[in-house]
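J.: predicted model and sequence below, questions to follow.
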Amino acid sequence: MKIATHTDFDGICCAALFLRKFGFDIDIEYLTVKKAKELSAAGFTVDYTCDLPKIGTSVNIDHHLSNYENLKKLNRLSEEDWVDPDASSATDLVFSFLQYKNDSIAEEIKQLGHLADIAELPHGYHPLDIVLSMNSDNTTVLRHISELLADKGRQILSTKWLEEKYHGVHDLYEETHKKINKFLMNVPILPKILILDTRQEIPAKLAKELFRPFFKKNVAVIALIYSKSPQEGLRVSFRVAKSEQSFYDVSIVAKTFGGGGHRMAAACSPNPEAIPEGIVQELKKIAKPDDNVQYLQLSS
């Protein structure tokens, strides 16, 4: 058996559920959305694709509206696929697809994937979340995390392996938060809708650490600009504060620039010429009448 899954927490939990069900001999490809699309176009084959756009004729288990709409448009949605845009996470769908019953560790994995994808992961899982983020391109580490989750569920938090891995990235994490806190002290008044450019300021793998501190400052929508590498170009991740989820749909903005996602969380890789003016204009279209939309650089 061979599966492809996303490199984020939801994707890792999907992999863990497959490993727990079928054993540790199954083959797993950990992919970004971009890589999954490239492999699919190149004729790459897997049995199951989780939390990603469908690869080839695999069984697709996913919850992204943009993927669902694209599969329908291209007539690629099969009866075997489990693609439900109303599902909270791909992990929820994998749990149901694999027909788990009376398995407490599988239940824990399901809950973790669900909470991670709605940005409600408990603080105690912070070390695991950071280690995962910092190793999103290290397939050996991703595989090990998947296997530990499959075997131990929540008890992964007490493993020596995780403690050592977190120790190795802790200093960089602390340095990143010092920059965030310094910025917040220097810019005490923030807009309701913020486009924040973090290029060359913090590691791209820690970019999501910015969301929670800014939401605590009553920012409703954040468009976070970062660059993973010169080869991948610019990336914009959109997030909506949980308290504002009924008022904004950032997937509309992401789709304008060739991306996709959910109402509260979406992403795209726009042409650099669209930054910041194009992003500002599209966010204004989903803004409420009294919202202010502003572009700032983290170095401000």
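T.: Received it, and whenever you're ready, just let me know what you need.

J.: could you list the buried residues of the biggest helix by length in the chain?
T.: Ranked by residue count under DSSP state H, the longest helix found in the chain is helix 160-186. For helix 160-186, a neighbour-count test (16 or more other CB atoms under 10 Å) marks Leu162, Lys165, Tyr166, Val169, Tyr173, Thr176, Lys179, Ile180, Phe183 as buried. Backbone N, C-alpha and C define where each C-beta goes, glycine included.

J.: and for stretch 107-116?
T.: Residues Glu108, Ile109, Lys110, Gln111, Leu112, Gly113, His114, Leu115, Ala116 are the ones in stretch 107-116 that count as buried (16+ other CB under 10 Å).

J.: same deal with stretch 49-62?
T.: Of all the residues in stretch 49-62, those buried under the rule 16+ other CB under 10 Å are 49-56, 58-62.

J.: contacts only, for the closest residue to Ser89 other than its chain neighbours.
T.: Nearest-residue entry for Ser89: Asp117, 3.9 Å, with adjacent residues in sequence omitted and distances by CB to CB, 6 or more residues apart in numbering. Listed by CB atoms under 8 Å, 6 or more residues apart in numbering, the contact partners of Asp117 are Asp8, Phe9, Asp10, Ser88, Ser89, Ala90, Thr91.

J.: biggest separation within those, which pair?
T.: Spatial extent of the contacts of Asp117 (CB to CB) is set by the pair Asp8 and Ser88 at 14.1 Å.

J.: so which of these two has more stuff around it?
T.: A direct count of neighbours by other CB atoms under 10 Å for Asp8 and Ser88 places Asp8 higher, at 22 against 17.

J.: surely the more buried one meets Asp51?
T.: Yes - taking CB atoms under 8 Å as the contact criterion, Asp8 and Asp51 are neighbours in contact, 7.3 Å apart.

J.: which other residues reach stretch 58-77?
T.: Stretch 58-77 is touched from outside by 4, 14, 45-54, 78, 80-90, 92-94, 97, 251, 254-255, 259-262, with contacts defined as CB under 8 Å, 6+ apart.

J.: measure Gly261 to Ser237 for me?
T.: From Gly261 across to Ser237, the span is 9 Å (CB to CB, to the nearest Å).

J.: give the intersection of the neighbour lists for these two.
T.: Ala267.

J.: pLDDT score assigned to His177?
T.: We have a pLDDT of 87 for His177.

J.: who's in contact with the closest residue in space to it that isn't next to it in sequence?
T.: Nearest non-adjacent residue to His177, counting by CB to CB, 6+ apart: Glu209, 6.7 Å away. By CB under 8 Å, 6+ apart, the contact set of Glu209 is Tyr173, Thr176, His177, Ile180, Ile202.
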